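Enquirer: This is a predicted model, with the sequence first.
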Amino acid sequence: MILFTSDYTEGAHPRIIEKLAETNMEQTVGYGEDLYCEEAREAIKKVCEAPEADVHFLVGGTQTNFTVISSILRPFQGVLCADSGHINVHETGAVEATGHKVLALPSKEGKITGQQIKEYYDLHWSDESREHIVQPKMVYISHPTEVGTLYTKAELEDISSICKECGLYLFLDGARMGYGLMAPGTDVTLPDIVKCCDVFYIGGTKVGALFGEAVVITNPCLKQDFRYCIKQKGGMLAKGRLLGVQFLELFKDGLYFEISKHAIDMAMLLKDGLKEKGYEFFMDSNTNQQFIIVEDAKLQEIRQKYGVTYQERYDETHSVIRLCTSWATKEENVKAFLQDM
């Protein structure tokens, strides 16, 4: 069975495994205060062009999202996001479990706009009964989105500007950030994200690491006591150097961007090949997630040899499926899939 179900079906890039094995018997202090974590922080700050940023390492995306969000919001405040946003649909109410409401906005192709944010903000503050309603205080976006689309630099800057105008914090989920940064046609860079966001994270779990996400806090107001929040939410790994070693290797010699580009190359091979065969796409994506419309009978045939993700019903006889490439996707597997299609 060849899997196109997600971008974490393999373990980790061989260089990471080698480095973990090489350093396995070294003695280091715990909880992310070791030399590897410190060097990894500096490497990330350098590539972000953000020397004043704070960098923290957590284990997974859901844990990172609810830890960051709950560390910032007061008990009566909520977070705005797209109705398709990960914290709204794929995290089992993790944010709500911390006592904060996810305020979902209608999205187009997985994205929300600065205008939507401003309208929601104004609606809240113009309501004479606003004390009875959850107060919006943060905006959560993903880049890439859940459906493989990307924000443009202008869209990010617009959202950032509105957030600053309204006193809202902007948090960007970068679980698949590498694939967004290396997508053809994008005009968004890592330093652009730094300038627009109060806090964001760089995903490792889906981009070559065994596990791990790197939280980057740029707003000085959000830095204090964040390690207390990590510990309280179960995110402070005793053997923290395992995270440091991985991110240090990922950001050595541009490996993170190199393997992200490989995933994009495989996705574009898949996309172009399916277009040539006449398949229609549910969403136009230049990232590692591709969404195609297939006959139900064809889907059953596909599932005999390939793992794919069912997305939604398209019509009475067709379904939308997601195909996901990764840093480790083999070209021969993509070509085999195209041949069978």
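Expert: Received it, and whenever you're ready, just let me know what you need. Numbering: from 1, shown residues only.

Enquirer: Show me where the stretch 151-300 of the chain has its helices.
Expert: Remark: helices assigned in the stretch 151-300 of the chain by DSSP state H, counting those that start in this stretch are 153-166, 177-181, 190-196, 226-232, 241-250, 255-276, 296-302.

Enquirer: of all those, which lies closest to residue 93?
Expert: Among the helices of the stretch 151-300 of the chain, the nearest to residue 93 by C-beta to C-beta is helix 226-232 (18.5 Å). For glycine as for every other residue, the C-beta is placed from the backbone atoms N, C-alpha and C.

Enquirer: Now do the buried residues in that closest one.
Expert: 226-227, 229-230 (16 or more other C-beta atoms under 10 Å).

Enquirer: cool, stretch 229-243 as well?
Expert: Buried, per 16+ other C-beta under 10 Å, within stretch 229-243: 229-230, 233, 235-237, 240-243.

Enquirer: for that stretch, how far is the first residue from the last?
Expert: End-to-end span of stretch 229-243 (C-alpha to C-alpha, to the nearest Å): 18 Å.

Enquirer: Please enumerate residues in contact with it?
Expert: 20, 23, 26, 28, 30-34, 36-37, 40, 56-59, 63-64, 66-67, 70-71, 204, 210-212, 227 (C-beta atoms under 8 Å, 6 or more residues apart in numbering).

Enquirer: Apply 6 Å and report the result again.
Expert: 28, 30-32, 34, 36-37, 57-58, 63, 67, 71, 212 (C-beta atoms under 6 Å, 6 or more residues apart in numbering).

Enquirer: just the angle between the host helix or strand of residue 115 and helix 153-166, please?
Expert: Using DSSP states H and E, residue 115 sits in helix 114-126. If you take axes from the mean of the first three to the mean of the last three C-alpha atoms, to 10 degrees, helix 114-126 sits at 10 degrees to helix 153-166.

Enquirer: what mean pLDDT does helix 114-126 have?
Expert: The average pLDDT within helix 114-126 is 98.

Enquirer: Identify those among the contacts of stretch 229-243 that sit within helices.
Expert: If you go by DSSP state H, those have 36-37, 63, 67, 71 in helices.

Enquirer: can you put these in a markdown table and add neighbour count, distance to residue 154 and pLDDT?
Expert: Formatted as a markdown table, the ones in helices among the contacts of stretch 229-243 follow (neighbours: other C-beta atoms under 10 Å; distance: C-beta to C-beta, whole Å; pLDDT from 0 to 100):
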| residue | neighbour count | distance to residue 154 | pLDDT |
| --- | --- | --- | --- |
| 36 | 22 | 38 | 98 |
| 37 | 25 | 35 | 98 |
| 63 | 17 | 32 | 98 |
| 67 | 25 | 30 | 98 |
| 71 | 20 | 30 | 98 |
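
Enquirer: In this protein, which residue sits furthest out from the middle?
Expert: residue 128 (36.9 Å; C-alpha atoms, centre = their mean).

Enquirer: quick one: residue 24 and residue 31, what's the gap?
Expert: From residue 24 across to residue 31, the span is 18 Å (C-beta to C-beta, to the nearest Å).

Enquirer: Good, wrapping up.
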